[in-house]
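Peer 1: give me the fold of what follows.
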Amino acid sequence: MSDPALDALVLPIENGFVDLPEPARVLFSRARAGRALTALGRSGLVCEQSFAPDRDALQAAGHDVTAETRETGFDAVLLLPGRQRQEARAQLARAVAKAKPGAVILAAAPNTEGAKSLETDFGALLGTADKLSKHKCRVLWAEKDGATLDPDLLESWQALDAVRPVLDGAYLSRPGVFAWDRIDPASALLAQHLPDTLSGKGADLGAGFGFLTRTVLENAPKVSGIDVYEAEKRALDLAEQNLAAFKGKKTLTGIWSDVTRGIEGLYDFIVSNPPFHQTGKADRPDTGQGFIRSAARGLKPGGSFWMVANRHLPYEHALSEAFASFEIIADEGGYKVIRAIKGKGH
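Peer 2: Predicted coordinates for the structure are as follows:
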């Protein structure tokens, strides 16, 4: 798939506007794989990515990947910031902190997904910036200069995505995680319809900060344990903290993975609010369809799959192919709750 933001990000290097020293230690934060990545080479490149599908793509392309590096003093730092403003500001401040004095910081975003805000924030923090528009994206770059850098802003922005209590202290969360400071309506609707008769070992696919898993454990006493699957490690780490009260009482395993590539098992039941976006705004029903197929493969015969989705998303065909039967048990507020049963021959 094309990645216009990645293509734009490396243009200043490819076009000679930015010269990297030889050899150069380069940090690529929120890194993504793609043809444009070859402009950076591999020697001295540290790829940082906490989202499993992008991590997997980078590893498949031969890059070493870490969720979060502790190294500092980089000659250059590249960033593809998230869409959430507080998270993006924290990522930019962290990029600056990771760079050594005189190093160059580059960041890019699509025009429809925060490029204007990125330009404003880049200039506010670094004092000056060069920019280039290409591929319907904007790329900005500047050297880390103590004379123009705003140290107070740097310090305050670094803390913007810190872990904090939300929902009157019931959960811990942080900006950048899906529905980070609330229970999203789809998950809330599914939680209302999950029966207290669930039993055995289950899984939560795309668990976020752990709301559905905790709902099941609080209301279904016959559940022995749950495998908690989440593609975003930042969310998975939060889920582990939010489920701490059940440690030693239930078997809980956090699994940082791309569910569409398959899951473990076999499970007695699975719950899920599948994501329908990846890095952009466009609907990605193929992701939810992948969740459905993985859930079917991961269930025992007769096992149940409980999912919620936006009403308009085309999941029925995938459900009919993967399961012996399914039914919509709730349809309200623009969401549908579905229960599917795995047949003995599936």
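Peer 1: and the closest residue to residue 157 other than its chain neighbours, what are its phi and psi?
Peer 2: Ranked by CB to CB, 6 or more residues apart in numbering and with sequence neighbours excluded, the top spatial neighbour of residue 157 is residue 93, at 3.7 Å. In short, each C-beta sits where N, CA and C put it, glycine included. The phi/psi pair for residue 93 (degrees, to the nearest 10) reads phi -60, psi -40.
Peer 1: quick check, residue 93 in contact with residue 162.
Peer 2: No. Between residue 93 and residue 162 there is no contact under CB atoms under 8 Å: 11.7 Å.
Peer 1: count the neighbours of the residue nearest to residue 157 for me.
Peer 2: Applying other CB atoms under 10 Å, we find 22 residues neighbouring residue 93.
Peer 1: who touches it in this structure?
Peer 2: 125, 153-154, 157-158, 160 (CB atoms under 8 Å, 6 or more residues apart in numbering).
Peer 1: can you map out the helices along this protein?
Peer 2: If DSSP state H is used as the criterion, the helices of the chain fall at 4-9, 11-14, 52-60, 85-98, 115-126, 151-158, 185-193, 211-219, 233-242, 285-298, 316-322.
Peer 1: alpha carbons of the fourth one, in CSV - could you do that?
Peer 2: Which is helix 85-98. Extracted as CSV, the C-alpha positions of helix 85-98 are listed here (Å, rounded to 0.1, in the frame of the first residue of the first chain):
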residue,chain,number,x,y,z
ARG,A,85,-3.1,16.4,19.4
GLN,A,86,-1.7,15.7,22.9
GLU,A,87,0.0,12.5,21.8
ALA,A,88,1.4,14.2,18.7
ARG,A,89,2.9,17.0,20.8
ALA,A,90,4.4,14.6,23.2
GLN,A,91,5.9,12.6,20.4
LEU,A,92,7.4,15.8,18.9
ALA,A,93,8.9,16.8,22.2
ARG,A,94,10.3,13.3,22.7
ALA,A,95,11.9,13.4,19.2
VAL,A,96,13.6,16.7,20.1
ALA,A,97,14.8,15.3,23.5
LYS,A,98,16.2,12.2,21.7
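Peer 1: show the pLDDT at the residue nearest to residue 157.
Peer 2: On the pLDDT scale, residue 93 is placed at 98.
Peer 1: next one: it from residue 32, what distance?
Peer 2: 21 Å (CB to CB, to the nearest Å).
Peer 1: so how far is the first residue of stretch 38-47 from its last?
Peer 2: Start-to-end span of stretch 38-47 (CA to CA, to the nearest Å) is 13 Å.
Peer 1: list the buried residues for it?
Peer 2: Neighbour counts over stretch 38-47 (16 or more other CB atoms under 10 Å) mark 39-40, 44-47 as buried.
Peer 1: and residue 301, how many neighbours does it have?
Peer 2: Around residue 301 there are 12 residues (other CB under 10 Å).
Peer 1: against residue 9, how distant is it?
Peer 2: 48 Å.
Peer 1: check residue 157 too.
Peer 2: Using CB to CB, we find residue 157 at a distance of 20 Å from residue 9.
Peer 1: with residue 196 instead?
Peer 2: In terms of CB to CB, residue 196 sits 49 Å off from residue 9.
Peer 1: now do the end-to-end distance for stretch 215-232.
Peer 2: For stretch 215-232, the first-to-last residue distance is 20 Å (CA to CA).
Peer 1: centre of the chain to it, how far?
Peer 2: Put simply, stretch 215-232 sits 20 Å off its chain's centre (CA atoms, centre = their mean, to the nearest Å).
Peer 1: equivalent analysis for stretch 130-149, please.
Peer 2: Per CA atoms, centre = their mean, the centroid offset for stretch 130-149 relative to its chain is 25 Å.
Peer 1: would you mark the buried spots in that stretch?
Peer 2: 131-132, 135, 137-144, 149.
Peer 1: filter those residues down to just the ones in strands.
Peer 2: Assigned to strands by DSSP state E, the following of the buried residues of stretch 130-149 qualify: 131-132, 137-143.
Peer 1: residues in contact with the nearest residue to residue 307 once chain neighbours are set aside?
Peer 2: Nearest residue to residue 307 in three dimensions, chain neighbours excluded: residue 272, at 4.7 Å (CB to CB, 6+ apart). By CB under 8 Å, 6+ apart, the contact set of residue 272 is 204-206, 212, 291, 295, 305-308.
Peer 1: so which of the residues you listed is the closest to residue 340?
Peer 2: residue 305 (4.3 Å; CB to CB).
Peer 1: contacting residues for that closest one?
Peer 2: 269-272, 292, 295-296, 299, 323, 326, 338-342.
Peer 1: next: residue 30.
Peer 2: Per CB under 8 Å, 6+ apart, neighbours of residue 30: 48-49, 51, 54, 79-82, 91.
Peer 1: any idea which of these is least confident?
Peer 2: Lowest pLDDT among these: residue 82, 93.
Peer 1: residues touching stretch 176-185, excluding its own?
Peer 2: 82, 84, 86-87, 90, 161, 166-167, 173-175, 187, 191, 208-209, 211, 232, 234-235, 238, 273, 275, 333-335.
Peer 1: same check on stretch 312-323?
Peer 2: So stretch 312-323 is in contact with 276, 283, 285, 288-289, 292-293, 295-296, 305, 307, 309, 326, 338, 340-343, 346, going by CB under 8 Å, 6+ apart.
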